[in-house]
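S.K.: From the sequence below, what's the structure:
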Amino acid sequence: MNEPGRLETVDRADFAHTLHEALGAPDIREALQQPTARVTEDQLRARALTVTDTIAAEASAEYAALLRLRTAAATARTGRPRPPVPATVGDGLLAALAVLAPVLSATAAAIFLLLGHGLQLAGVQQPLAITLIRAGWTAGATAMLAAVAAGTGLVITAARHRTPPHRPQPDAASLAQAHAVWRQALLERGLLPFLRRQLHQPSTPAPQPHPASPPAPQPHPASPPVQRRTRPGYSSPDFTSPALPSRD
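M.R.: You can find the predicted model right below:
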């Protein structure tokens, strides 16, 4: 048999109900009603309840699946979603710079390019025009780099504040199905084979008390010796009454 595993307290009542169902199986009932039955229903029930965990170990795989679903459901009922990370001052500055830097750089690039090309077309201040054009292209490149950095920063910030994905939790139907599967396995692989084996085991008679030995006869108390009265060693004197005178 498998290594016995302990049942939780809430499942021991289900074990007792399944045991009652097993005792009502047709072959078990028929065997118990035979005149030659060696055990009674109460004796079978008592033997099964004595080795509850050993019998339940025959359905350990189904019981482990039930416990996993039960634990997941309990966690879903009592667990709380992780709150989002609050925004800080640094996050606000980064967001502002991410928006303003590309805009300012692009604006500066447009102004420098317009002025530089305007002076170049006008034919005046050619050194200044070339300087402005170069500054415009530099500002444009800076705007592109700032836009890329701003996009990366926004993605990182969104990932930090993202709510964790919701994990599907087991529903009541899944728990009920796992419970039914465990009880069926407990009945077919645990209780019915055990009861059928026990039907051929003779019942253990209760020890009979030894008959009490009769009490030993008590000796009668000795009778006191009879004291015999003896006559004294002298004779009593003879006493005669005086003669009365005759009345003539």
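S.K.: quick one: residue 194 and residue 182, what's the gap?
M.R.: Distance, residue 194 to residue 182, by Cβ to Cβ, to the nearest Å: 17 Å. In short, each C-beta sits where N, CA and C put it, glycine included.
S.K.: Please identify which of those two sits among more neighbours.
M.R.: Under the criterion of other Cβ atoms under 10 Å, the comparison of residue 194 against residue 182 puts residue 182 first, with 23 against 19.
S.K.: Tell me if I'm right that the more buried one and residue 67 touch.
M.R.: No. Under the criterion of Cβ atoms under 8 Å, residue 182 makes no contact with residue 67, lying 9.4 Å away.
S.K.: residues in contact with residue 137?
M.R.: For residue 137, the contact set (Cβ atoms under 8 Å, 6 or more residues apart in numbering) comprises 109, 113.
S.K.: Which strands or helices does the lowest-mean-pLDDT helix or strand in the chain pack on?
M.R.: Lowest on mean pLDDT, DSSP states H and E among the helices and strands of the chain sits helix 89-122, with a mean of 76. Applying 3 or more Cβ pairs under 8 Å, 6 or more residues apart in numbering; DSSP states H and E, we find helix 89-122 packed against helix 126-160.
S.K.: What's the mean pLDDT across the helix it packs on?
M.R.: Throughout helix 126-160, pLDDT has a mean value of 79.
S.K.: how about the next helix or strand after it as PDB, C-alpha atoms only?
M.R.: Counting by DSSP states H and E, the element after helix 126-160 in chain order, helix or strand, is helix 172-185. Presented in PDB, the C-alpha positions along helix 172-185 are these (Å, rounded to 0.1, in the frame of the first residue of the first chain):
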ATOM      1  CA  ALA A 172     -16.700  26.200  -7.500                       C
ATOM      2  CA  ALA A 173     -17.400  23.700 -10.300                       C
ATOM      3  CA  SER A 174     -13.700  22.700 -10.500                       C
ATOM      4  CA  LEU A 175     -13.600  22.200  -6.800                       C
ATOM      5  CA  ALA A 176     -16.800  20.100  -6.800                       C
ATOM      6  CA  GLN A 177     -15.500  17.900  -9.600                       C
ATOM      7  CA  ALA A 178     -12.100  17.400  -7.900                       C
ATOM      8  CA  HIS A 179     -13.900  16.500  -4.700                       C
ATOM      9  CA  ALA A 180     -16.100  14.000  -6.500                       C
ATOM     10  CA  VAL A 181     -13.100  12.400  -8.200                       C
ATOM     11  CA  TRP A 182     -11.300  12.000  -4.900                       C
ATOM     12  CA  ARG A 183     -14.300  10.300  -3.200                       C
ATOM     13  CA  GLN A 184     -14.800   7.900  -6.100                       C
ATOM     14  CA  ALA A 185     -11.100   6.900  -5.900                       C
END
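S.K.: now what about helix 172-185, what contacts it?
M.R.: 14, 18, 58-59, 61-63, 65-66, 69-70, 73.
S.K.: quick one: least confident of these?
M.R.: Lowest pLDDT among the contacts of helix 172-185: residue 73, 87.
S.K.: Which helix or strand contains that one?
M.R.: Going by DSSP H and E, residue 73 is in helix 60-78.
S.K.: Now do the buried residues in that helix.
M.R.: Neighbour-count burial for helix 60-78, counted by 16 or more other Cβ atoms under 10 Å, picks out 60, 62-63, 66, 69-70, 72-73.
S.K.: Stretch 15-33 too?
M.R.: 15, 18-19, 22-23, 28, 31-32.
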